[in-house]
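Undergrad: 3D, please:
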Amino acid sequence: MKKTLTMKDIAKLAGVSQSTVSRVVNGNPTVDPEVRARVEKIILDQGFKPNSSAKTLRSSSSKIIGVILFDLSNYYYLEMIRYVEKAARENGYTVIILNSGGDKALEKEHILNLQARNVDGIIIAPVAKENLEFLKKQNENFVIVDCSLPNYPCVYTSLLQGGKIATEHLYNLNHRKIGFIGADKKNIKLLGVKEFFSEKNLKFSNEWFIETDVTNSHLDNLSSKLDSLKDFPTAFITSNDVIALNLIKEIGKKGLSIPEDISILSFDDTIISTALNITSIRHPVDLMMEDAIDYLLNGNKTIIQKSLKPILIKRSSCHYNLK
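TA: Model prediction:
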């Protein structure tokens, strides 16, 4: 029978003290980066699960779910917190919310911290695939939300379908020059936009794609990129509501009106789109969190790949274009 490793065993293999291993497991920032990397590699290679010995001494369930999200400055992720807390509470669980801030090292620290706290499962909007591999090798009970990755349990909104729904709505309002503002060219929402164009035998101009940092609430480069457009779109789809907010500011600076001159359609349908009457693609976040909690609490023998349908919420930011 294979011996269950302890922190003492890991410390011996790494050539460090047991207290150093404990600090690494608990995410203490005072550990030397080189030492931390060495200890974490041994933890991964040996399949060591923090707090496993203590787990057998306590009840089999901590009644706690850990949640690691990508960017808590985005209202969309705050909506996730609202619904995951509700779904967990209805099942008699509490949640620990952690923000990775898009940092894979911090994401790894959060994972180790949650394991040390003996959580019953982890919901994660991931940053790094290597951290997902760590969770998988540890046989951790976890589920990914907000994106689809093969060979991992995932609950997500079909962003490809969302891109097509958004473009179809603008197309039906007679728009043919439709811009997209968001992350890199492989953005799934953008692929949905392009797929709709292709189905209608139309060409999506590369100029109409404006790449920007979707986590930057200031979007300092947006103004200059809009100024560089030679063939200005009659409508824009933005990857999230924060971008839409900043786009509205820039459009106003140019003396243009919304929706009379430019139509805007965003993703996420947060409080921003509600307050500014922006037509938006809503993620069914309530269902996403309910499904994620259900997966964690009711067995995970089969890897789930659940795609949820996005919902178009029509407001006054989109206008029929006669030009």
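Undergrad: and stretch 178-197, average pLDDT?
TA: Throughout stretch 178-197, pLDDT has a mean value of 92.
Undergrad: can you list contacts of that stretch?
TA: Counting contacts by CB atoms under 8 Å, 6 or more residues apart in numbering, the residues outside stretch 178-197 that touch it are 159-168, 170-171, 203-204, 208-214, 222, 229, 233-240, 243, 247, 267. Bear in mind the C-beta positions are built from the backbone N, C-alpha and C, glycine included.
Undergrad: ditto for stretch 240-258
TA: Contacts of stretch 240-258 (CB under 8 Å, 6+ apart): 74-76, 181-182, 212, 214, 217-219, 222-223, 226, 236, 238, 261-262, 264, 266-270, 272-273, 276, 278, 280, 317.
Undergrad: can you check stretch 205-213 too?
TA: 177-185, 190, 219, 221-222, 225-226, 229-231, 233, 243.
Undergrad: can you flag which of the residues you listed belong to helices?
TA: Counted as lying in helices by DSSP state H, out of the contacts of stretch 205-213, are 190, 222, 225-226, 243.
Undergrad: ok, back up a step: tell me the buried residues within the contacts of stretch 240-258.
TA: 74-76, 181-182, 212, 214, 219, 222, 226, 236, 238, 262, 264, 266-270, 272-273, 276, 278, 280, 317 (16 or more other CB atoms under 10 Å).
Undergrad: after the helix or strand bottoming out on mean pLDDT in the chain comes which helix or strand?
TA: Ranking every helix and strand in the chain by mean pLDDT, DSSP states H and E puts helix 52-57 at the bottom, with a mean of 40. Using DSSP states H and E, the helix or strand that follows helix 52-57 in sequence is strand 64-69.
Undergrad: now that next one: how far from the chain's centre is it?
TA: 13 Å (CA atoms, centre = their mean, to the nearest Å).
Undergrad: and what of stretch 171-183?
TA: So, by CA atoms, centre = their mean, the centroid of stretch 171-183 is 24 Å from its chain's centroid.
Undergrad: using PDB, write down the CA coordinates of it.
TA: Extracted C-alpha coordinates of stretch 171-183, given in PDB (Å, rounded to 0.1, in the frame of the first residue of the first chain):
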ATOM      1  CA  TYR A 171     -28.200  42.900 -38.900                       C
ATOM      2  CA  ASN A 172     -32.000  42.900 -38.600                       C
ATOM      3  CA  LEU A 173     -31.800  46.600 -37.700                       C
ATOM      4  CA  ASN A 174     -30.100  47.000 -41.200                       C
ATOM      5  CA  HIS A 175     -26.500  47.400 -39.800                       C
ATOM      6  CA  ARG A 176     -23.800  45.900 -42.100                       C
ATOM      7  CA  LYS A 177     -20.800  47.700 -40.700                       C
ATOM      8  CA  ILE A 178     -20.600  46.100 -37.300                       C
ATOM      9  CA  GLY A 179     -17.500  46.600 -35.100                       C
ATOM     10  CA  PHE A 180     -16.300  44.500 -32.200                       C
ATOM     11  CA  ILE A 181     -14.200  45.700 -29.200                       C
ATOM     12  CA  GLY A 182     -12.700  43.100 -27.000                       C
ATOM     13  CA  ALA A 183      -9.700  40.800 -26.400                       C
END
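Undergrad: what about residue 155, which SS state?
TA: Taken by DSSP: H, G, I helix; E, B strand; the rest coil, the conformation at residue 155 corresponds to strand.
Undergrad: that older thread, now the buried members of the contacts of stretch 178-197.
TA: Looks like the contacts of stretch 178-197 have 159-168, 170-171, 204, 208-210, 212, 214, 222, 233-240, 243, 247, 267 buried, using 16+ other CB under 10 Å.
Undergrad: could you list the low-pLDDT ranges of the stretch 51-200 of the chain?
TA: 51-60 (pLDDT under 70).
Undergrad: just the strands in it please.
TA: Ranges of strands in the stretch 51-200 of the chain, per DSSP state E, counting those that start in this stretch, are 64-69, 94-99, 121-124, 142-145, 154-157, 178-182.
Undergrad: do you know which of the ones you listed lies nearest residue 312?
TA: strand 154-157 (12.4 Å; CB to CB).
Undergrad: so what strands line up beside the closest one?
TA: With DSSP bridges as the criterion, the sheet partners recorded for strand 154-157 are strand 142-145 (parallel), strand 305-308 (parallel).
Undergrad: and it, how far out from the chain's middle?
TA: 10 Å.
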